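Asks: Compute the structure for the input listed below.
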Amino acid sequence: NTFDWVIQCFVDVLDYSSEHSEQLALIIHFTGKATVKTAPKDVLKPIKDALVERGLSAVIEEGG
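Replies: This is a model prediction of the structure:
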């Protein structure tokens, strides 16, 4: 996925600003992953599904 596509997905799905989305995309690029949202699982599931439908890799990790 291109940086522009990942950024647009975060803007569209998470309603994040372009700047915040760009920062997350860079973190993911350089470290391989990032926490993009923390919320209850029932809130995260449709967000994860929407990102995956757009071709991004996304998982819900249990806190601990």
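Asks: Helices along this structure, start to end?
Replies: 3-14, 18-31, 41-53 (DSSP state H).
Asks: Mind listing residues that contact the first one?
Replies: Contacts with helix 3-14, where a contact means C-beta atoms under 8 Å, 6 or more residues apart in numbering, come from 16-18, 20-22, 24-26, 28-29, 36-37, 47, 50-51, 54-56. The way it works is simple: take the backbone N, C-alpha and C, and place the C-beta from them, glycine included.
Asks: now do 7 Å
Replies: Helix 3-14 is contacted from outside by 16, 18, 21-22, 24-25, 36-37, 47, 50-51, 54, 56, using C-beta atoms under 7 Å, 6 or more residues apart in numbering.
Asks: May I see the helices of the chain arranged in a markdown table, with distance to Ile60, mean pLDDT and mean neighbour count as well?
Replies: A markdown table is the format used below for those (distance: least, C-beta to C-beta, whole Å; pLDDT from 0 to 100; neighbours: other C-beta atoms under 10 Å):
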| stretch | distance to Ile60 | mean pLDDT | mean neighbour count |
| --- | --- | --- | --- |
| helix 3-14 | 14 | 97 | 17 |
| helix 18-31 | 16 | 97 | 14 |
| helix 41-53 | 5 | 97 | 13 |
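Asks: Quick one: closest of those helices to Glu62.
Replies: Between Glu62 and the helices of the chain, the tightest spacing by C-beta to C-beta is seen for helix 41-53, at 8.3 Å.
Asks: Give the other helices and strands that the closest one contacts.
Replies: Secondary-structure packing of helix 41-53 (3 or more C-beta pairs under 7 Å, 6 or more residues apart in numbering; DSSP states H and E): helix 3-14.
Asks: ok, so of the contacts of helix 3-14, who is nearest Thr2?
Replies: Of all the contacts of helix 3-14, Thr2 sits closest to Ala25, with 9.4 Å by C-beta to C-beta.
Asks: do you know which of the helices of the chain lies nearest Gly63?
Replies: Among those, if distance is taken as C-beta to C-beta, the winner is helix 41-53, at 10.1 Å.
Asks: how far does the closest one sit from the chain's center?
Replies: Offset of helix 41-53 from its chain centre (C-alpha atoms, centre = their mean, to the nearest Å): 9 Å.
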